[in-house]
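A.B. asks: Predicted model follows, preceded by the sequence.
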Amino acid sequence: MSDKALVPVQCDVTLERLVLGAILARHKQADEALTALAAEDFFRPKDASLSDHQRIFSAAKTLKERGESVDLLSVYDELGCLNDLKGEALFQALGNLGQEAHLTPEIMGAVRELRPLSMSSESIRLLDDAQELLQKGCGKAEQIIEGAIEKLSEIARKSNELDAQGVSYFEAARDALNELGENSGPKIYTDVARLDAWTGGFRPGELVIITAETGSGKTLLAQQTRARACRDGYRALFCSGEMWARHLLKRELAASVDVEPSKMRREDLLTCEDMQALIEAASHQCRKCRILDGELDIRRIQRVASRLKAQGG
């Protein structure tokens, strides 16, 4: 028996057949599905160049790009011209796909479900290949790992392509009402009473941009929000491209014990009482929340945030 761990590959044959069936049945959203998807979004066994479902979808997409009708017979003929899926295999692969859509009014939900499944399969295959290269010592480990990270980032970017098409007003209204009746996730407060009363707390999925003049307290507000979230039991990643972590903490510690900020730059002005108060405040700082400083980019922030989430939410 192989010493490799067996990893389940993500695949939903029924879902794939539903989408292909809708396309072959000339569903009203067939063109939208053909535009949104690629052959790679259908499951491919590791040792196969293409799966039957990938071949059928590729034939349908080729017909669409040529401006020809896409239906069961035209795809059958296209595959026959390509000498692909001959004879019994062709009949078996196409089967009654055209009847499996059941003429459902909405198939884009199924289309959107295929993308994360294909991402999982592609990621598993990529990591499996990277593991094999590392075990065999084929090339430098750093290059193999960096290459895998870059390809994984590309896979992640694909997940946004379907979202770029937006959702219907009906879907948005449905989701809005569903959210009212359920726990929509954490609410993050700033400890500024009027602001918290006005917003009801910041929530998942929101992008909040706070702008103000230099020196007006944006960093202090961010630090205060982080501290409140920490008290509420949430872990925070504070990303600072402006100041090092130790400089941020000088501000925070000074504010927490009412030491003049100017004293943090002039140690000779600090009294013994000041130092004792600062040491006491430092001893109570969170050991789980993190500060990411230095040169920042989205990929670095995403990697660190994902790692922290995996370690404990």
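C.D. replies: Okay, I see it. Numbering: from 1, shown residues only.
A.B. asks: Pull the number of nearby residues for residue 52.
C.D. replies: Burial of residue 52 is recorded as 20 neighbouring residues (other CB atoms under 10 Å). From N, CA and C alone the C-beta is placed, and that goes for glycine too.
A.B. asks: quick one: the closest residue to it other than its chain neighbours from residue 50, how far?
C.D. replies: Among residues not flanking residue 52 along the chain, residue 93 sits closest, at 4.0 Å (CB to CB, 6 or more residues apart in numbering). Counting by CB to CB, to the nearest Å, the gap from residue 93 to residue 50 is 11 Å.
A.B. asks: about what we covered before: hang on, the residue nearest to residue 52 in a helix?
C.D. replies: Yes. Counting by DSSP: H, G, I helix; E, B strand; the rest coil, residue 93 falls inside a helix.
A.B. asks: which residue ranges form the strands in the protein?
C.D. replies: With strands called from DSSP state E, the chain shows them at 237-239, 290-292.
A.B. asks: tell me which residues in the last one are buried?
C.D. replies: What it means is strand 290-292. Of all the residues in strand 290-292, those buried under the rule 16 or more other CB atoms under 10 Å are 290-292.
A.B. asks: Paired strands for that strand, with orientation please.
C.D. replies: When pairing is defined by DSSP bridges, strand 290-292 lines up against strand 237-239 (parallel).
A.B. asks: would CSV of the buried residues of strand 290-292 with distance to residue 187 and pLDDT be doable?
C.D. replies: What follows is those, written out as CSV (distance: CB to CB, whole Å; pLDDT from 0 to 100):
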residue, distance to residue 187, pLDDT
290, 21, 92
291, 23, 93
292, 23, 93
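A.B. asks: Turn the residues you listed into TSV, columns for distance to residue 223.
C.D. replies: Conversion of the buried residues of strand 290-292 to TSV gives the following (distance: CB to CB, whole Å):
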residue	distance to residue 223
290	13
291	10
292	14
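A.B. asks: now the closest residue in space to residue 148 that isn't next to it in sequence: how far from residue 146?
C.D. replies: What sits nearest to residue 148 in space, not counting adjacent residues and going by CB to CB, 6+ apart, is residue 130, at 4.3 Å. Using CB to CB, one gets 10 Å for the distance from residue 130 to residue 146.
A.B. asks: which of these two has more neighbours?
C.D. replies: Between residue 130 and residue 146, counted using other CB under 10 Å, the more crowded position is residue 130 (18 against 11).
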